[in-house]
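Novice: Need a 3D model of the following:
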Amino acid sequence: MTGSYDLRDVGRFTVGAIGEPGRRVFYFQAFADGIEVAVKCEKQQAQALAEHLARLLDDLPHDAAAEPAAAEALPPSELLWPVGSISLGVDREHAQLVVVLEEFVDPEEAEGAEADDAAQIRLRISAQQVQAYVAQVEALVATSRPLCRLCDAPIDPSGHACPRLN
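Specialist: Sure, this is the predicted structure:
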């Protein structure tokens, strides 16, 4: 297990990507309490989190008409670990959403208690931060590889051998 964090006063929560479309490494990034925490994630995790957080916004007071700027990510100083599971909650008392990112631990590689002792990052984010996160995910997805209209597979810059044309 590596470091766990409980970040209560998050200044920024976002997602970023390193590399070219088709070979990108995605990561969640949070800045709070004078530190930066970044963990590796999958593009699908970032998208699913954006969808679920947007739905949970209905449980918080917020300006639905506001269109915040995307919360752009900075190059991470270090990616601590890959994300396995993501849990969500609502803190109505403080008008925040709670996001818990848990480290992926391969059960075949972990031994004993280490398999049950995955690191976590617990974040509390505001409605405005959720809106900025969702805008950033939309911006990243817009720069993805185009999809084949026949098979919905991504088209690489070098071309695409569509299985439906064989």
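
Novice: Identify each buried residue in the helix or strand of the chain with the lowest mean pLDDT, please.
Specialist: Taking mean pLDDT, DSSP states H and E as the measure, the chain has helix 127-142 as its least confident helix or strand, at a mean of 92. Of the residues in helix 127-142, Ala127, Gln129, Val130, Gln131, Ala132, Tyr133, Val134, Ala135, Gln136, Val137, Leu140 count as buried by neighbour count, 16 or more other CB atoms under 10 Å. C-beta here means a position set from N, CA and C on the backbone, and glycine is covered the same way.

Novice: Am I right that Ala135 is in contact with Ala70?
Specialist: Yes: with contact defined as CB atoms under 8 Å, Ala135 counts as touching Ala70 (4.0 Å).

Novice: Quick check: phi and psi at Gln44.
Specialist: Main-chain dihedrals, Gln44, degrees, to the nearest 10: phi -70, psi -30.

Novice: Next, work out how far apart it and Gln136 are.
Specialist: According to CB to CB, to the nearest Å, Gln44 and Gln136 sit 16 Å apart.

Novice: Enumerate every residue touching Gln136.
Specialist: Residues counted as contacts of Gln136 (CB atoms under 8 Å, 6 or more residues apart in numbering) are Thr14, Val15, Gly16, Ala70, Ala71, Glu72, Ala73.

Novice: go again using 10 Å as the cut-off
Specialist: 13-16, 29, 46, 50, 68-73 (CB atoms under 10 Å, 6 or more residues apart in numbering).
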